[in-house]
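[1] got a predicted structure here, sequence first:
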Amino acid sequence: MSKYTDIFEFFFRCYRAPQRLRDLWDNKNEFSKILMLALSFSNEKNNGKDLKKYADYFINFTSVFLIQQKDDLLTCLREIKKPAIRVSFMNRFFDNYLVSNEIIFDFLNDENLIKAIDDYEEWIEAPLLLRTRIIIGAAKDKSLDVTDIIPLPHLDFSNYLKEYILGWAYEEKKLSIDGENYFKANFSKKYDLLFSLRTRNNK
């Protein structure tokens, strides 16, 4: 970004200029550096509203129109070394409701990519919960095993997140018998509470 002497002017010229951003995308290393600046400006409270608006546009356009497959996420982050900025982008990406479910599902099936991006415990919750909602909504009663709703068994998800997802599936009566047994064995307090509520409601 050293060749861009006026950062404000640069992001202003990128604002609502799709072709300019697509041209920038061709140079992946440079694009990653620019994205890092956009994230920094977007998160900095002391920046003016216009600069934040231009930075937000850059980030949102990248998320929706430039990232077309899961590997593009790693491409965006290749020059961003600070964990906090990487986490910021991942959270912004998954919070964007225009990002397709297909990309999110494909991404969540790629353990190596998730590990390569790193710090997944800081950003994995949003895509996992989105995936859970869709899977539970489409599933038949008593049909979901643990591996259906908690993917990537070799990743270290927090017990809180596992408990929440299993409890959600149990409340919706979508957990299989094996899934319920796993839930009961590993999260007995939560299971007992939900079992008690279910029993009471069925009386």
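    Looks like it came in fine. Residues are numbered from 1 along each chain as shown.

[2] show me where this structure has helices.
    Counting by DSSP state H, the chain has helices at residues 7-14, 18-25, 28-43, 49-61, 71-77, 83-95, 101-108, 111-117, 125-138, 146-149, 159-171, 177-186, 188-201.

[3] can I get those in JSON lines including mean pLDDT?
    Putting these into JSON lines (pLDDT from 0 to 100) gives the following:
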{"stretch": "helix 7-14", "mean pLDDT": "92"}
{"stretch": "helix 18-25", "mean pLDDT": "97"}
{"stretch": "helix 28-43", "mean pLDDT": "93"}
{"stretch": "helix 49-61", "mean pLDDT": "93"}
{"stretch": "helix 71-77", "mean pLDDT": "94"}
{"stretch": "helix 83-95", "mean pLDDT": "95"}
{"stretch": "helix 101-108", "mean pLDDT": "94"}
{"stretch": "helix 111-117", "mean pLDDT": "92"}
{"stretch": "helix 125-138", "mean pLDDT": "94"}
{"stretch": "helix 146-149", "mean pLDDT": "92"}
{"stretch": "helix 159-171", "mean pLDDT": "95"}
{"stretch": "helix 177-186", "mean pLDDT": "96"}
{"stretch": "helix 188-201", "mean pLDDT": "90"}
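
[4] would you mind putting those into CSV with mean neighbour count alongside?
    Using the backbone N, CA and C atoms, a C-beta is placed for each residue, glycine as well. Output for these, formatted as CSV (neighbours: other C-beta atoms under 10 Å):
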stretch, mean neighbour count
helix 7-14, 16
helix 18-25, 14
helix 28-43, 18
helix 49-61, 18
helix 71-77, 18
helix 83-95, 18
helix 101-108, 16
helix 111-117, 15
helix 125-138, 17
helix 146-149, 18
helix 159-171, 18
helix 177-186, 16
helix 188-201, 12
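
[5] so how far is Leu113 from the most centrally placed residue in the chain?
    Centroid-nearest residue in the chain, with C-alpha atoms, centre = their mean: Phe94, separated by 3.6 Å. Distance of Phe94 to Leu113, computed by C-beta to C-beta, to the nearest Å: 14 Å.

[6] list the contacts for the closest residue to Glu44 other than its chain neighbours?
    In space, and not counting its chain neighbours, Glu44 is closest to Lys52: 7.9 Å by C-beta to C-beta, 6 or more residues apart in numbering. Contacts for Lys52 were tallied using C-beta atoms under 8 Å, 6 or more residues apart in numbering; they are 41-42, 44.

[7] nearest to Tyr182 among the residues you listed?
    For those, the residue nearest Tyr182 by C-beta to C-beta is Ser42; the value is 40.9 Å.

[8] distance of Asn202 relative to Phe61?
    Counting by C-beta to C-beta, the gap from Asn202 to Phe61 is 50 Å.

[9] give me the nearest residue to the residue nearest to the centre of the chain, chain neighbours excluded.
    Ala126 (4.2 Å).

[10] contact partners for the one you found?
    Taking C-beta under 8 Å, 6+ apart, one finds 91, 94-95 in contact with Ala126.

[11] list the contacts of the residue lying closest to Val87 once chain neighbours are set aside.
    In space, Val87 comes closest to Glu122 once its chain neighbours are excluded; the distance is 4.4 Å by C-beta to C-beta, 6+ apart. Neighbour list for Glu122: 83, 87, 90-91 [criterion: C-beta under 8 Å, 6+ apart].

[12] before I go, just wanted to say thanks for your time.
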